[in-house]
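**Q** Predicted structure and sequence below. I'll ask about it afterward.
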Amino acid sequence: MTIEDDHIPFKQRGVPVLDVICYEYGPYEQNRGDYAFHHTAKDTIDKLSVASLQTSADLFVELVKLIDQH
């Protein structure tokens, strides 16, 4: 599945991007081909997943460590 998001204009201009998102929240809506809360008025902070945020934070910390080694 291709995800179009706000990182694309940066990528198109040659800026290196890493788009780490968890958008699979809310029930999947077949008619939209997307999850119920993604990019809707229901896409609010109370829908955030603590586990998903922790995974992203762990990933970023490890990336910074790897970058620092070079």
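**A** Sure, I can see it.
**Q** SS state for the spatially most central residue of the chain?
**A** With distances taken as Cα atoms, centre = their mean, the chain has Ile21 as the residue nearest its mean C-alpha position (1.1 Å). Applying DSSP: H, G, I helix; E, B strand; the rest coil to Ile21 yields a three-state assignment of coil.
**Q** Got the confidence number for it?
**A** pLDDT, Ile21: 74.
**Q** what's it sitting at in phi/psi?
**A** The phi/psi pair for Ile21 (degrees, to the nearest 10) reads phi -140, psi 150.
**Q** same check, this time on Ser56
**A** phi -60, psi -40.
**Q** start to end distance for stretch 34-42?
**A** By Cα to Cα, to the nearest Å, the extent of stretch 34-42 from end to end equals 13 Å.
**Q** how about that stretch: buried residues?
**A** By neighbour count with 16 or more other Cβ atoms under 10 Å, stretch 34-42 contains the buried residues Asp34, Tyr35, Phe37, His38. In this view, the C-beta of every residue, glycine as well, is placed from N, C-alpha and C.
**Q** average pLDDT for it?
**A** Stretch 34-42 shows a mean pLDDT of 81.
**Q** who's in contact with it?
**A** Tyr23, Glu24, Tyr25, Gly26, Pro27, Tyr28, Glu29, Asp43, Thr44, Lys47 (Cβ atoms under 8 Å, 6 or more residues apart in numbering).
**Q** Quick one: which of the residues you listed has the lowest pLDDT value?
**A** Within the set of the contacts of stretch 34-42, pLDDT is lowest for Tyr23 (64).
**Q** Give me the three-state assignment for His38.
**A** For His38, the assignment made with three-state DSSP gives coil.
**Q** Can you pull the phi/psi pair for it?
**A** Reported as degrees, to the nearest 10, the phi and psi values for His38 are phi -70, psi 120.
**Q** follow-up on the earlier one: return the member of the buried residues of stretch 34-42 nearest to Val17.
**A** Looking at the buried residues of stretch 34-42 and their distance to Val17, the nearest is His38, at 19.0 Å (Cβ to Cβ).
**Q** Fine by me, we can end here.
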